[in-house]
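A structural model of the following input is requested.
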Amino acid sequence: MSLSKTKQWYALMSKPQKDAYAEEQLNNQGYTTYRPLAMRERVRRGKTIKITESLFPRYLFISLDAVNDNWAPIQSTYGVSGMVRFGDLPLSIPETLIEQLRIQESQFAERAVDLDHFQNGDVVTIKSGSFEGLSAVFERYSGEERVILLMNILNEQAKVAVPSTDVYKTA
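Alright, predicted model coming up:
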């Protein structure tokens, strides 16, 4: 999906928790926007659920023509905090980056990058529990809610089972 030669992508910052609302409001005004999505596992009321959220919380991209588009309404759009700027100039984003993000998203069924899907050999960090802050190597899933990790404990390689919501990919 290539844009005309005069259009470029720019980064916008939304107000806290308003990136989806800002996207909707800009689309209603006829602007072309893109907000990459990510799927995350969260624990709510003791159950692990998958939620879809922005890959870059508070940020989205907008396609604009520097000459022909009216930029004035953007700043006053509900949910929009402002353009991301480098000095006085709005930050333009290479179209190749947008295309790469779209390709990554298209590999997942719900148009969202699954940030909690691990492959054998992935380096992960444990974010809570007795091993908090330690690195490990993902080995496999154990049921729906736990993962088996390989850790170096006292110069011995050990397998540890932890909740899948307690680890994130680091490399």
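
which residue is nearest the centroid of the protein?
Leu55 (1.4 Å; Cα atoms, centre = their mean).

gap between that residue and Pro73?
When distance is defined by Cβ to Cβ, to the nearest Å, Leu55 is 25 Å away from Pro73. Heads up, the C-betas are built off the backbone N, CA and C, glycines and all.

where does the chain dip in pLDDT?
Residue ranges of the chain with pLDDT under 70: 1-5, 41, 43, 48, 107-116, 144, 171.

domains of the protein?
7-114, 123-169 (automatic domain parsing).

List the buried residues of the longest helix along the chain.
Looking across the chain with DSSP state H, the single longest helix is helix 95-106. Buried residues in helix 95-106, counting neighbours by 16 or more other Cβ atoms under 10 Å, are found at Ile98, Leu101, Glu105.

Need the nearest residue in space to Gln8, chain neighbours excluded.
Spatial nearest neighbour of Gln8, chain neighbours left out: Ser92 (4.8 Å); criterion: Cβ to Cβ, 6 or more residues apart in numbering.

which residues touch that neighbour?
Gln8, Trp9, Tyr10 (Cβ atoms under 8 Å, 6 or more residues apart in numbering).

ditto for Ala158
Leu150, Met151, Asn152.

So among the residues you listed, which ones count as buried?
Met151.

Could you save the contacts of Ala158 as JSON lines and add columns showing secondary structure and distance to Ile126?
As requested, these are arranged in JSON lines below (DSSP: H, G, I helix; E, B strand; the rest coil; distance: Cβ to Cβ, whole Å):
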{"residue": "Leu150", "secondary structure": "strand", "distance to Ile126": "12"}
{"residue": "Met151", "secondary structure": "strand", "distance to Ile126": "9"}
{"residue": "Asn152", "secondary structure": "strand", "distance to Ile126": "13"}
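
and which of the contacts of Ala158 is nearest Val80?
Using Cβ to Cβ, Met151 is the member of the contacts of Ala158 that lies nearest Val80, at 44.5 Å.

Wait, the closest one touches Ala136, no?
Yes. Counting by Cβ atoms under 8 Å, Ala136 is a contact partner of Met151 at 4.5 Å.

what about the helices in this protein?
Using DSSP H, the helices of the chain run over 19-28, 72-75, 95-106.

what's in contact with the second one?
Counting by Cβ under 8 Å, 6+ apart, helix 72-75 makes contact with Leu12, Leu26, Gln29, Tyr31, Ile62, Val80, Gly82, Met83, all of which sit outside it.

Could you pull up the contacting residues of the second one?
This points to Leu26. Leu12, Thr33, Leu60, Ile62, Ile74, Thr77, Val80.
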